[in-house]
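>>> with the sequence up front, the predicted model follows.
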Amino acid sequence: MIDAIHFYRTYDLEDVKKFYGDVLDLKLYKDQGKCLIYDMKGHGKIGFCTHHPKVMPNSSCITFVYERKIEVERMYEHLKTRAKEISQPKMNDAFKIYHFFCKDPSGHTLEFQTFLN
């Protein structure tokens, strides 16, 4: 694992840009159109998305980011009989990621992914 991203739902990405970019002076790591990810200066990343029905109504998702696709596949194999509501790993062309979701024992949404670019 190389990093972690905590995702939160938003209805206005422009407000997110103004506050997290301008007011808090966080560096934009990735703009994925419907999702903005900010670098928290060596303390992981924070993302804000206007989509993502899997995280509603709790509106959060803990994402574990790996360097390579094979690492995501290994984590899937490790979790497929241990996690709840696990999805098959798949490519997401819109966000240029390879990922899967599951639930932890408390029902929190977890995502395991790698960026493809």
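Arrived safely. Numbers count the residues shown, from 1 in each chain.

>>> summarise which helices and strands the helix of greatest length in the chain is packed against.
Counting residues, the longest helix found in the chain (DSSP state H) is helix 69-79. Judged by 3 or more C-beta pairs under 8 Å, 6 or more residues apart in numbering; DSSP states H and E, helix 69-79 is in contact with strand 97-103, strand 109-115. Using the backbone N, CA and C atoms, a C-beta is placed for each residue, glycine as well.

>>> so what strands line up beside the helix or strand just after it?
Once helix 69-79 ends, the next helix or strand along the chain (criterion: DSSP states H and E) is strand 90-92. Using DSSP bridges, the strands paired with strand 90-92 are strand 97-103 (antiparallel).

>>> the longest helix of the chain to strand 97-103, inter-axis angle?
Inter-element angle recorded for helix 69-79 and strand 97-103: 20 degrees (by axes from the mean of the first three to the mean of the last three C-alpha atoms, to 10 degrees).

>>> which residues outside helix 69-79 are in contact with it?
1, 64, 66, 86, 88-89, 98-100, 102, 112-114, 116 (C-beta atoms under 8 Å, 6 or more residues apart in numbering).

>>> how about the CA coordinates for it, as PDB?
Extracted in PDB, the C-alpha atoms of helix 69-79 (Å, rounded to 0.1, in the frame of the first residue of the first chain):
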ATOM      1  CA  LYS A  69      -2.800  -3.700 -10.400                       C
ATOM      2  CA  ILE A  70      -1.400  -7.000  -9.100                       C
ATOM      3  CA  GLU A  71      -1.400  -5.700  -5.600                       C
ATOM      4  CA  VAL A  72      -5.100  -4.900  -5.900                       C
ATOM      5  CA  GLU A  73      -5.700  -8.400  -7.200                       C
ATOM      6  CA  ARG A  74      -3.800  -9.900  -4.300                       C
ATOM      7  CA  MET A  75      -5.800  -7.900  -1.800                       C
ATOM      8  CA  TYR A  76      -9.000  -9.100  -3.500                       C
ATOM      9  CA  GLU A  77      -7.900 -12.700  -3.100                       C
ATOM     10  CA  HIS A  78      -7.100 -12.100   0.500                       C
ATOM     11  CA  LEU A  79     -10.400 -10.400   1.300                       C
END
